[in-house]
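Participant: Sequence and predicted structure, then a few things I'm wondering about:
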Amino acid sequence: MAGPPAAAGPDVGAVPFDVAAVQRRTLRVLLASQVLAGAGLAAGVTVGALLAEDMLGSTSWSGLPAALFTLGSAVAAAGVGQLSQRLGRRAGLAAGYAVGALGGGLVVVAAAVGHIPLLLLALLLYGSGTATNLQARYSGADLAPADRRGRAVSAILVGTTLGAVVGPNLVGTMGLLAASLGIRPLAGPFILAAVAYASAAVVVLTALRPDPLLTARALAQGAPPQAGADTSTGGQGADHAPEDAGRAGLDRPAVRLGAFVMVLTQLVMVAIMTMTPIHLRDNGHGLAAAGVVISIHIAAMYLPSPLSGWLADRVGRRPVMAAAGTVLLAAGLVAATAPAHSVAALAFALALLGLGWNLGLVGGTALLTDALPLRGRARTQGNVDVGVAIAGAGAGLGSGLLMAATSYTVLALSGGLAALALIPALAPTSLARRRARRNRHAPPPVADR
């Protein structure tokens with residue numbers, strides 16, 4: 001005798017809507033796009049500071065590319081968030097990647113003709129790819145149950161690893177291609193970036209169906225879409241999930257805490273990462289050494305994501321974020337004390353830097369998503385990523401100025417010490433929540449007679 005059929009979600013007419021199957025498809029599509037986008041992200045990060053120094057003729061401004069494309073990512077984060085809020089994740093992500101591809105192409109043109117104003121504009125546009133690459137992590141959590149959001153976020157982040165590791169190791173090859181075209185070799189990686197971001201845009205636009213955010217809203221309204229349907233309805237009516245009336249479910253302290261953790265981890269990571277290729281070059285190491293170190297760093301930013309996500313779901317968001325502060329401190333100390341001739345020591349420091357960033361991003365993202373109702377979720381997530389990007393922009397610009405005025409050692413040590421602010425920032429919230437739990441279980445006061 002056959003048993004009862006497995007539950008596949010609510011029925012729409014005679015067609016069951018399998019939420020788990022849609023989530024699995026969403027993660028597969030996002031993983032594919034992240035592999036491509038990771039190559040675009042890593043290629044530009046590896047040589048951006050070197051290209052600026054080559055064209056501007058000054059180490060003091062070698063942090064300018066990181067500042068510009070993180071500033072561009074701030075604008076893009078808000079734009080992608082707003083577009084996702086209205087039209088869904090598919091439209092927002094595809095548009096963001098397309099703008100990043102345009103920026104990468106214009107960097108190549110600017111380097112070919114030696115036009116610095118065009119280079120600055122191109123780097124701003126290129127930052128859109130960086131912002132979109134990070135915004136994709138929210139898409140993986142839209143349909144995930146609350147106790148699996150950390151793992152859903154981490155699955156998207158780990159998809160960046162392959163492209164992010166391959167990208168920097170193609171720096172030499174792309175440089176030869178650029179030279180054969182009569183372009184500065186340092187512009188070569190941006191050719192790869194333009195192609196990679198454009199490909200990611202095509203994958204998202206054609207395959208991210210049904211849209212995860214719009215599907216989650218439809219489910220919250222109690223009217224799930226038909227299996228395989230495209231839920232992109234224009235976003236007007238979809239903003240009104242009943243659970244979100246009056247901003248129900250919004251946890252403002254958790255939103256602020258998640259945002260603070262992501263902002264600070266981004267600031268520390270960008271500051272140290274941006275100046276490491278310059279530090280290597282100043283101590284006699286070639287472009288290949290910088291590519292290897294940045295590859296290891298970016299792998300450490302994304303590869304530990306499954307572990308970070310599992311820990312965030314099992315032991316909690318806050319312990320994972322506290323661990324981020326400790327690991328970033330260790331990264332700063334190792335980078336500050338590493339012998340200048342040792343590529344291995346600097347690679348280890350940058351691996352710790354990437355791991356600390358990953359812990360902070362996964363824990364902060366999961367906490368932020370927990371704290372936000374569906375109404376306005378994408379918009380608020382975009383606004384938080386604006387703050388993350390601005391922190392990165394300031395760190396990218398400030399790191400070059402600080403290193404020119406002092407040394408790489410001072411820069412790395414300052415970043416590590418700044419990360420310590422994460423640990424005390426978490427304690428008051430945790431204590432307040434424990435007190436609130438005790439108060440909920442305490443007997444009610446006896447009324448005065």
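Facilitator: Everything's here; your move. Residues are numbered from 1 along each chain as shown.
Participant: The one helix or strand Ala323 maps to packs against which elements?
Facilitator: With secondary structure defined by DSSP states H and E, Ala323 is part of helix 317-337. Contacts defined by 3 or more C-beta pairs under 8 Å, 6 or more residues apart in numbering; DSSP states H and E place helix 317-337 against helix 252-282, helix 305-314, helix 343-371, helix 408-419, helix 422-441. C-betas here are computed from N, CA, C, even on glycine.
Participant: Mean pLDDT, mean neighbour count and distance to Gly88 added to those helices, as CSV?
Facilitator: Shown next, in CSV, are the helices and strands packed on helix 317-337 (pLDDT from 0 to 100; neighbours: other C-beta atoms under 10 Å; distance: least, C-beta to C-beta, whole Å):
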stretch, mean pLDDT, mean neighbour count, distance to Gly88
helix 252-282, 91, 23, 22
helix 305-314, 93, 21, 24
helix 343-371, 94, 25, 17
helix 408-419, 93, 22, 36
helix 422-441, 57, 12, 32
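Participant: Give me the buried positions along the helix or strand containing Ala110.
Facilitator: According to DSSP H and E, Ala110 maps onto helix 89-113. Residues of helix 89-113 classed as buried: 89-108, 110-111 (neighbour count, 16 or more other C-beta atoms under 10 Å).
Participant: Can you name the next helix or strand after that helix?
Facilitator: Downstream of helix 89-113 (by DSSP H and E), the next one is helix 116-141.
Participant: measure the nearest residue to Val109 once chain neighbours are set aside to Ala98 for me?
Facilitator: Sequence neighbours aside, Leu118 is the residue nearest to Val109 in space, at 6.7 Å (criterion: C-beta to C-beta, 6 or more residues apart in numbering). Distance, Leu118 to Ala98, using C-beta to C-beta, to the nearest Å: 19 Å.
Participant: cool, Gly394 as well?
Facilitator: 27 Å.
Participant: what is the rounded mean pLDDT of stretch 317-327?
Facilitator: Averaging pLDDT along stretch 317-327 gives 93.
Participant: which other residues reach that stretch?
Facilitator: 150, 257-258, 261, 265, 308, 311-312, 352, 355-360, 362-364, 366-367, 370, 419-423, 426, 429-430 (C-beta atoms under 8 Å, 6 or more residues apart in numbering).
Participant: do stretch 136-147 as well
Facilitator: Residues outside stretch 136-147 that contact it (C-beta under 8 Å, 6+ apart): 19, 22-23, 26-27, 30, 33-34, 37, 89, 93, 149, 151-153, 155-157, 208, 212-213, 215-216, 219, 313, 361, 365-366, 369-370, 377-378, 381.
Participant: Can you show me the helices along the stretch 151-300 of the chain?
Facilitator: 171-180, 188-207, 212-220, 252-282, 287-302 (DSSP state H, counting those that start in this stretch).
Participant: With distance to Ala340 added, can I get these in TSV?
Facilitator: As requested, those are exported to TSV (distance: least, C-beta to C-beta, whole Å):
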stretch	distance to Ala340
helix 171-180	22
helix 188-207	25
helix 212-220	47
helix 252-282	7
helix 287-302	12
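Participant: quick one: which of the ones you listed is nearest Ala335?
Facilitator: The stretch from these with the least distance to Ala335 (C-beta to C-beta) is helix 252-282; that distance is 5.9 Å.
Participant: tilt between the closest one and helix 408-419?
Facilitator: If you take axes from the mean of the first three to the mean of the last three C-alpha atoms, to 10 degrees, helix 252-282 sits at 170 degrees to helix 408-419.
Participant: Who are the packing partners of helix 252-282?
Facilitator: Applying 3+ C-beta pairs under 8 Å, 6+ apart, we find helix 252-282 packed against helix 19-56, helix 64-87, helix 287-302, helix 317-337, helix 343-371, helix 377-405, helix 408-419, helix 422-441.
Participant: got TSV for the helices and strands packed on helix 317-337, with distance to Gly57 too?
Facilitator: Shown next, in TSV, are those (distance: least, C-beta to C-beta, whole Å):
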stretch	distance to Gly57
helix 252-282	14
helix 305-314	39
helix 343-371	25
helix 408-419	20
helix 422-441	38
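Participant: Val166: which of these is closest?
Facilitator: helix 343-371 (16.0 Å).
Participant: pretty sure Val108 contacts Leu186?
Facilitator: No - between Val108 and Leu186 there is no contact under C-beta atoms under 8 Å: 10.4 Å.
Participant: Is there a neighbour count for Met55? I'd like the number.
Facilitator: The number of residues packed near Met55 is 20, by other C-beta atoms under 10 Å.
Participant: how close does Ala335 sit to Pro65?
Facilitator: From Ala335 to Pro65 the distance is 20 Å (C-beta to C-beta).
Participant: Between those two, tell me which one has more neighbours.
Facilitator: With neighbours defined as other C-beta under 10 Å, Ala335 and Pro65 compare such that Pro65 has more, 31 against 27.
Participant: With adjacent residues omitted, what lies nearest to that one?
Facilitator: Gly48 (3.5 Å).
Participant: pLDDT at the residue nearest to Val109, what is it?
Facilitator: pLDDT, read off for Leu118, is 91.
Participant: Against Gly286, how distant is Thr365?
Facilitator: The value you get for Thr365 to Gly286, if C-beta to C-beta is used, is 36 Å.
Participant: And for the residue nearest to Leu413 when sequence neighbours are not counted, the neighbour number?
Facilitator: Leaving aside its sequence neighbours, Leu413 sits nearest to Ala336 (C-beta to C-beta, 6+ apart; 4.2 Å). Close neighbours of Ala336, defined as other C-beta under 10 Å, add up to 20.
Participant: again with Asn383
Facilitator: A count of neighbours around Asn383, defined by other C-beta under 10 Å, yields 15.
Participant: Return the residues in contact with it.
Facilitator: 77-78, 81.
Participant: And it, how far from Leu157?
Facilitator: Taking C-beta to C-beta, one finds Asn383 at 20 Å from Leu157.
Participant: With adjacent residues omitted, what lies nearest to the residue most central in space within the chain?
Facilitator: Taking C-alpha atoms, centre = their mean, the centroid of the chain lies closest to Leu134, which sits 2.9 Å from it. In space, and not counting its chain neighbours, Leu134 is closest to Asp385: 6.1 Å by C-beta to C-beta, 6+ apart.
Participant: ditto for Ala111
Facilitator: Leaving out its chain neighbours, the residue that sits closest to Ala111 by C-beta to C-beta, 6+ apart is Ala187, at 3.5 Å.
Participant: and if you look at Tyr408?
Facilitator: Setting aside the residues directly before and after it, Tyr408 is nearest to His279 in space (C-beta to C-beta, 6+ apart), at 4.3 Å.
Participant: Do I have it right that Val109 meets Leu125?
Facilitator: No - with contact defined as C-beta under 8 Å, Val109 does not count as touching Leu125 (11.7 Å).
Participant: where does the stretch 101-250 of the chain dip in pLDDT?
Facilitator: 164-165, 168, 223-249 (pLDDT under 70).
Participant: can we see that at 50?
Facilitator: 226-229, 231-248 (pLDDT under 50).
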